[in-house]
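> Structure of the sequence below:
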Amino acid sequence: MKRRADRGTVRLRLLAASTCVARVAWYAEGRLVGHRRVWHHETDLFLPAGRWTLEVTDDRSVADPTRLAATRVEVVVRVGWRTTTEVVLDRGAVLRGRVATAEEQRARFATVTATAADGRVFTVRADGLGAFTLAGLPTTTYLVRATKGAWQSVPVLVEPQVGVPTEVALGLVEPATPVSRSGAAELVVGAAFTGTVVDPSTGAPAYAALVELRDARGTLLARSRADHGGRFVVGGDLPASSGLSLVVKSGPDRAVVDRRVLRGLACAEGALVDLGTLVLPHGARRPRPARHDLPRGGAVAMALPATRV
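Just a heads-up that it's a prediction; the model follows:
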């Protein structure tokens, strides 16, 4: 690549845990501008002045368990300057499992998609037995879903760790939307919100807490409940939105319904927004006020007509 006078140089130093061929892509304001393969430990990129995002990935297949995890760095390029940036490719997390249907124990060649919390999407195709492997994943939270034809699975929230493959079971149980004119389902990865609801006094997970997502007008968009660990995922098919509100209510174990509202939330297309730990406050149970307008009890005389026998 020839150097131009109106550009700067980014010297990329690749530090990989194992020998691999990497692929570097550069983005400007979230838009992919270009990419190339890298064989050497050092390579030069000649880019226009400005702020760039470099994403370096292992060029091996996502089904290869030895694949290294991708990483992103931010660099500022100045005309005539050379900026040295080190990128580390280390071992990544591995997701593996099987996709099944209600009628059969396997869903052949289903598409499995894992959406990271920062919006990155990793996709692989299951084999003839419905088994799949997604390797080289950065350690973060993922929303995993399988799609085949007109059917899709319920999104599953996982947090894979390096060194131990995480098992995921996906069942095609609900129709996929939207559907194209040809009748084939179009894969649409929507946004979602996740978090953990805890009790303020004990810090224990709030099991079965009700979570509702509403738009600026108060219209219900999605509803979910927290699991035994207090974790919840609500959405999964949302477009890029803003001005949303998240309403969290206590579960059936509370006699008094506790409530917390988060306003002004926003999500990008395909993003998984982690809201962290949500403390559900306990509302004081106020005694019912006395009603002074109710009539007091008393003896009432009843006069009956005389009856001659």
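> thought Ala69 was touching Thr139?
Yes: counting by CB atoms under 8 Å, Ala69 touches Thr139, with 7.4 Å between them. For every residue, glycine as well, the C-beta is placed using N, CA and C.
> Pull up the overlap in contacts between those two.
92-93, 162 (CB atoms under 8 Å, 6 or more residues apart in numbering).
> Give me the mean pLDDT for the strand or helix carrying Val173.
Val173 belongs to strand 166-175 when assigned by DSSP states H and E. Regarding strand 166-175, the rounded mean pLDDT is 88.
> Show me the contact partners of that strand.
Residues contacting strand 166-175 (CB under 8 Å, 6+ apart): 93-102, 107, 110, 112, 144-148, 150-154, 156, 158-160, 185.
> what does stretch 133-140 give?
Contacts for stretch 133-140 (CB under 8 Å, 6+ apart): 57-58, 60, 62-71, 92-96, 112, 114, 116-118, 120, 122, 124, 159-162.
> chain center to it: distance?
14 Å (CA atoms, centre = their mean, to the nearest Å).
> Let me see the mean pLDDT of it.
91.
> who has more neighbours, Ala69 and Thr139?
With neighbours defined as other CB atoms under 10 Å, Ala69 and Thr139 compare such that Ala69 has more, 20 against 14.
> contacting residues around that one?
Counting by CB under 8 Å, 6+ apart, Ala69 has contacts 58, 89-93, 136-139, 162.
> Same check on Ala22?
By CB under 8 Å, 6+ apart, the neighbours of Ala22 are 14, 16, 37-38, 56-59, 89.
> Just the buried ones among these, please.
14, 16, 38, 56-58, 89 (16 or more other CB atoms under 10 Å).
> is it possible to export those residues to a markdown table including pLDDT and secondary structure?
Below are the buried ones among the contacts of Ala22 laid out as a markdown table (pLDDT from 0 to 100; DSSP: H, G, I helix; E, B strand; the rest coil):
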| residue | pLDDT | secondary structure |
| --- | --- | --- |
| Leu14 | 91 | strand |
| Ala16 | 88 | strand |
| Val38 | 87 | strand |
| Val56 | 92 | strand |
| Thr57 | 91 | strand |
| Asp58 | 92 | strand |
| Leu89 | 91 | strand |
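> As TSV, those with distance to Thr219 would be great.
Below are the buried ones among the contacts of Ala22 laid out as TSV (distance: CB to CB, whole Å):
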residue	distance to Thr219
Leu14	49
Ala16	49
Val38	48
Val56	42
Thr57	39
Asp58	43
Leu89	45
